[in-house]
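# Sharing a model prediction with you, sequence too.
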Amino acid sequence: MSWNPFAEDIQNPIKKLIHALSNFEENTPIFEHIFKYVMHELQTGESVFYITKKEIDENVESLSDKFMFHGFLRQSADIKSLHEKYLSNNVNKEEMKTRLGMMKLLFCLSESPTNFFAKMPADFKYYEVKEEEEIDWGSYLREGIEEWNPSAYSDSDEWSDEEETNVYNESACVRSPAEVTQVNCRFGDRSPEIPKADEHKKEWDLAMKSVQSGWFNRNFIFMKPESVHPEANVAILWDKHLLQSGLSFGNPTNIISEYKMVREVIWQLWEPHNSMIYKFSGNQLVPKDDITISSCRPEALQTFLWEFIPYIEMLQEFRAFEVKVTNQEFSSTETLKSYAEALKNILSKGIEGVVELEQKIIAQEETMTLLKLASFFEQNFKTTKALLKIHRNNVKILESDGNEYRLLVALHVGMLRAYSKSEQDIYLSIYLESLYKFVNVIDTWLSRGNLENSYNEFPIINSNVDEDVHSADWKMRFSVKELPEEILNDGFFQVIINEVLQIGKNIHLLKLFGKLHLVNQLNNSVSLHDELIVRVIASIETYFDATKAIELPDLVASCRVNESGDVYRFPAMCSDFCKYTTEMDRLENLVDVSDSFLMSAYRSFYVTEDEAQTEPKTPKLHERISLITQRIFPAQQIIENTFREILKERYGASGRVVKSLLFSEHKLETHLKLLSNIFLFEDDVIFPFYRKLFEKIDKGGKWGNDIWLTSHLQDILMDIYPEHYDRVNVLVKDAWRDFLNDPLKACSMLRLHYELNWPVNVIISKQNLILYKDLFDFILQIKWALFTLNHLHFADIERKKVKGKTGKAVRILQMRLKVLRFGLINLFSSMQHYVLGFVFNKCRAQFAEDLDLAHDWDTLISAHSKFISDLHKVATNLRDKEENNYGFYYLLYVVRYLWLMWKDLREVELRSLEKYENGYKICYENLTEFILPTESF
């Protein structure tokens, strides 16, 4: 039967428990609230615990270690022993389940046991269990045997072991495991491993040998050396002499072994602290004056200990900077964190050297002295000293400006102006690693189409938020931050501002097109920053021709397994008297190896398998660069050019893909051709349209029906552009009825509208369409002038007679009108040939070349804008060229009045005719420099 938490036999005990714990009466609101909460937890919580002994063992092990960490060694051992006794292997299965459940309950009820134990120790009684004393048979057997201590001065009885008593007792000052853990985990990245129960004694003995056990922070310590040579006991003899001479008024000198003092110095490297040999005087770490080794007087040793303080302070300064970056005391950006990580990578070589040295010292396989340690520090931290000098200059930049851009520029300039190989190697490695964030942002942007700039440290700003591509004012909203000129002129920033920004626009378009995969499928999986480092190192190797001289491990260490055949072991069944194993003793000759199941099951018992061999650890970037470079090398443009090459290889095709999509899927070329046909009168495709318009205007009819005009124009374009003809519309201003008899004004009432969709409307912008429409008005006026002049037939005036004038006077008048007509036709024809022939063909040829060379979004926009701008500039220069109001517009009025005079010779006034003739001549002279086809623009 399943357990029902709402049964009465369950609810009643729960109510009693709540009442006992809270003292609240039943049926009260607060009691009911607590009861509902408890029932809800029982219903939704775990109802069954599936406990294993392994889980309980791990919990007990952790709890025991926690007691040991806080210094309760006896209680830690008791927890383990009681646990082993309570959950012994002799308990049957059912009893074991009960006991496991009880242990689980105890763990659930326990809360900070060490805190309660420390606060109320009287509540916890300790029952000591007497154990049988182990007999140290080695000591027992050595009893009565004198210790042999040879001495070079054995005949002298000045002093002996009886004269001095060693007040140092290691067992009296054993440190707690908490202190052991705190000290041992301070070095490098080594984390202390909690010893298991069966290895506790072994690990404890190792900890006692490897940490400051027994001598750390004691008031007085005296370690007498084993040697009886006077040279090894200088400090002891000196103290004795002062004491016997009555010159000693202070405490006796602390004496420790040189081994322990060397360890003390090494521990100070990780974190300066008060120790046996160093103390803080204010904020300054100084050597103590009452500590020495037995072979040196305190004053001399104190002077020597100052040699190590610069190294301690040097590492502490780097750690303080890392803390500032973590606590955001600077403008804590990802670039600063990358810079701090670059510093750690260079420092790690020196730290690893100290760790290796400490391991050798612990092993005590060779003698290490303070002199050797000082010599080691000088060589080991040589690079660290140079790094500190560079770092301090960078910190000044950060403290004065706090700008990560200036930091990158300073690193770049420092690399170019380095005065030594070591300095250039440091600058190059720090600069490459500090670029990690920038390059990572670029990698994410160009590979996924997302410009993620959470810390706002990237120099390019993305304002394309909630963009609507169908909006009329859509445009690419990537911009460069306003930065000082010295930053913008930096080589790497130039690559970002120019190449990266352009590629980013192309990628953004491909993302909007839904075609981003066309570029991503060409790229490899290696990150952009990793490839930059590999390529830069390859360039340096090429410069120094170091590819054969230096073999570096791969970027990714891989495990290589030796693919040798199985080697069968000889079994351990040969008799004692058998000196050598025979062939019959081989396992394959004693068992059935044909059974594949048994062979797989017992493989580990009789097959020797080669262990996996791992590659050596990959060296850090600075170390790799130092191994390759042989001297200072010209580093100008090495990073920028390499980065450009990578961008070109990875994303160089993005612009061509955008161009291809614009031409293939969005019909850009068709739109450009259609615009030229209707706005620039190319191939005179719309000749039927404007001829019909001029005829209506000439007859004085109602020509301003935009529906009729649009329908007429679309009928002309339908066969040529079946997919785009309906984008063209003709608009007429409302005031067209006021100019029914004025054809010149009527032409200015007409407007063409061409509808463009995204993304073509960005290539052909609104500003471009304004220029197209302006050119259309200008060319339409030329077409009207030529249409009007060509329709002034001689027969229309030769048959007319003018009242009050003789035949000769009429003929002269007709002749002058004919000459003026020929002159105007010649001038307007020259302007038409110049604009639509010479200028248009030249601009179109250049446009075709630029369009062919265009490789991305911006170059396409630039090519088209240049084409229409150049054409419009020449046309407007011709149209607006005037001198005393004599120019293109004056000629249009001359045509208009000539058309009126041609209709009725009676309207001709000789003064007006003479005025128009003279005006024509002036206009001709003013426009000659434009209309001559030999002139260029």
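Yep, that arrived. Residues are numbered from 1 along each chain as shown.
# Buried residues, the helix or strand containing Leu913. List them.
Applying DSSP states H and E as the criterion places Leu913 in helix 910-931. For helix 910-931, the neighbour count (16 or more other Cβ atoms under 10 Å) marks Leu913, Tyr916, Gly919, Tyr920, Cys923, Tyr924, Asn926, Leu927, Phe930, Ile931 as buried. In this view, the C-beta of every residue, glycine as well, is placed from N, C-alpha and C.
# same check, this time on stretch 294-306
Ser294, Ser295, Cys296, Pro298, Leu301, Gln302, Leu305.
# CA atoms of stretch 343-361 as PDB?
Extracted C-alpha coordinates of stretch 343-361, given in PDB (Å, rounded to 0.1, in the frame of the first residue of the first chain):
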ATOM      1  CA  LEU A 343      50.800  39.000 -17.000                       C
ATOM      2  CA  LYS A 344      50.000  35.800 -15.100                       C
ATOM      3  CA  ASN A 345      51.000  33.700 -18.100                       C
ATOM      4  CA  ILE A 346      54.500  35.300 -18.100                       C
ATOM      5  CA  LEU A 347      54.800  35.100 -14.300                       C
ATOM      6  CA  SER A 348      53.800  31.400 -14.300                       C
ATOM      7  CA  LYS A 349      57.200  30.400 -15.700                       C
ATOM      8  CA  GLY A 350      58.900  31.900 -12.700                       C
ATOM      9  CA  ILE A 351      56.300  30.500 -10.300                       C
ATOM     10  CA  GLU A 352      56.700  27.000 -11.800                       C
ATOM     11  CA  GLY A 353      60.400  27.300 -11.300                       C
ATOM     12  CA  VAL A 354      60.000  28.100  -7.600                       C
ATOM     13  CA  VAL A 355      57.500  25.200  -7.300                       C
ATOM     14  CA  GLU A 356      60.000  22.800  -8.900                       C
ATOM     15  CA  LEU A 357      62.700  24.100  -6.600                       C
ATOM     16  CA  GLU A 358      60.600  23.600  -3.500                       C
ATOM     17  CA  GLN A 359      59.900  20.100  -4.500                       C
ATOM     18  CA  LYS A 360      63.600  19.500  -4.800                       C
ATOM     19  CA  ILE A 361      64.200  21.100  -1.400                       C
END
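# Work out for me the element Val730 sits within.
strand 728-732.
# which helices and strands sit right next to the top helix by length along the chain?
Using DSSP state H to define each element, the chain has its longest helix at helix 334-363. Packing partners of helix 334-363 (3 or more Cβ pairs under 8 Å, 6 or more residues apart in numbering; DSSP states H and E): helix 258-270, helix 309-326, helix 370-380, helix 382-400, helix 404-416, helix 421-434, helix 436-448, helix 621-628.
# for those, which one sits closest to Glu849?
helix 436-448 (29.0 Å; Cβ to Cβ).
# before we move on, the earlier item: just the buried residues of helix 910-931 now: which is nearest Glu669?
Phe930 (30.7 Å).
# What does the pLDDT read for the closest one?
At Phe930, the model reports a pLDDT of 68.
# Same question for Trp215.
Looking at Trp215, the pLDDT reads 50.
# just to revisit the earlier point, for the longest helix of the chain, which positions count as buried?
In helix 334-363, counting by 16+ other Cβ under 10 Å, buried: 334-340, 342-343, 345-351, 354-355, 357-358, 361.
# Now do the residue nearest to Ile442 when sequence neighbours are not counted against Val760, distance only.
Nearest non-adjacent residue to Ile442, counting by Cβ to Cβ, 6 or more residues apart in numbering: Val500, 5.6 Å away. Val500 is 26 Å from Val760, where distance means Cβ to Cβ, to the nearest Å.
# next one: Leu892
For Leu892, the distance to Val760 - Cβ to Cβ - is 34 Å.
# which of these two has more neighbours?
Leu892 (19 against 15; other Cβ atoms under 10 Å).
# check which helix or strand covers that one.
helix 888-903.
# for that helix, packing partners?
Using 3+ Cβ pairs under 8 Å, 6+ apart: helix 888-903 touches helix 743-748, helix 766-790, helix 795-798, helix 807-832, helix 857-880, strand 882-883, helix 910-931.
# Show me what the last one is in contact with.
Contact with helix 910-931 is made by 813, 816-817, 820, 823-824, 827, 830-831, 833-834, 877-878, 881-884, 886-888, 890-891, 894, 897-898, 901, 935, as judged by Cβ atoms under 8 Å, 6 or more residues apart in numbering.
# Dump that helix to PDB, keeping only the CA atoms.
The C-alpha trace of helix 910-931 is given here as PDB (Å, rounded to 0.1, in the frame of the first residue of the first chain):
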ATOM      1  CA  LEU A 910      11.300  93.500 -84.500                       C
ATOM      2  CA  ARG A 911      12.700  94.800 -81.300                       C
ATOM      3  CA  SER A 912      11.800  91.600 -79.500                       C
ATOM      4  CA  LEU A 913      13.100  89.500 -82.300                       C
ATOM      5  CA  GLU A 914      16.400  91.400 -82.400                       C
ATOM      6  CA  LYS A 915      16.600  91.000 -78.600                       C
ATOM      7  CA  TYR A 916      16.200  87.200 -78.800                       C
ATOM      8  CA  GLU A 917      18.700  86.900 -81.700                       C
ATOM      9  CA  ASN A 918      21.300  88.800 -79.600                       C
ATOM     10  CA  GLY A 919      20.500  86.700 -76.600                       C
ATOM     11  CA  TYR A 920      20.900  83.500 -78.500                       C
ATOM     12  CA  LYS A 921      24.400  84.600 -79.600                       C
ATOM     13  CA  ILE A 922      25.400  85.400 -76.000                       C
ATOM     14  CA  CYS A 923      24.100  82.000 -74.800                       C
ATOM     15  CA  TYR A 924      25.900  80.300 -77.500                       C
ATOM     16  CA  GLU A 925      29.200  81.900 -76.500                       C
ATOM     17  CA  ASN A 926      28.600  81.000 -72.800                       C
ATOM     18  CA  LEU A 927      27.700  77.400 -73.500                       C
ATOM     19  CA  THR A 928      30.300  76.600 -76.100                       C
ATOM     20  CA  GLU A 929      32.800  75.200 -73.600                       C
ATOM     21  CA  PHE A 930      30.200  72.600 -72.600                       C
ATOM     22  CA  ILE A 931      28.600  71.600 -75.900                       C
END
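# tilt between that helix and helix 807-832?
20 degrees (axes from the mean of the first three to the mean of the last three Cα atoms, to 10 degrees).
# The second one now?
Helix 766-790 runs at 150 degrees relative to helix 807-832, counting by the same axes, to 10 degrees.
# What residues sit buried inside the host helix or strand of Arg99?
In the assignment (DSSP H and E), Arg99 maps to helix 93-109. Within helix 93-109, the residues that count as buried by 16+ other Cβ under 10 Å are Met96, Arg99, Leu100, Met103.
# want to throw those into TSV with pLDDT and distance to Trp270?
Formatted as TSV, those follow (pLDDT from 0 to 100; distance: Cβ to Cβ, whole Å):
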residue	pLDDT	distance to Trp270
Met96	84	46
Arg99	84	45
Leu100	84	43
Met103	83	40
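# List just the nearest of the residues you listed to Val480.
Distances from Val480 to the buried residues of helix 93-109, taken as Cβ to Cβ, are shortest for Met103 (65.8 Å).
# isn't that closest one right up against Leu87?
Yes - assessed by Cβ atoms under 8 Å, Met103 is found in contact with Leu87 at 7.3 Å.
# what is in contact with the two at once?
Ile56.
# Without its sequence neighbours, what residue ends up closest to Tyr339?
Using Cβ to Cβ, 6+ apart, the closest residue to Tyr339 is Ser434 (4.5 Å).
# Now for that neighbour: which residues touch it?
Ser434 neighbours (Cβ under 8 Å, 6+ apart): Thr335, Ser338, Tyr339, Ala342, Leu407, Leu408, Leu411.
# tally of neighbours for Asp9?
Asp9, neighbours per other Cβ under 10 Å, totals 7.
# just checking, next helix/strand downstream of the host helix or strand of it?
Assigned by DSSP H and E, Asp9 belongs to helix 8-22. Remark: after helix 8-22, the chain's next helix or strand is helix 29-44, criterion DSSP H and E.
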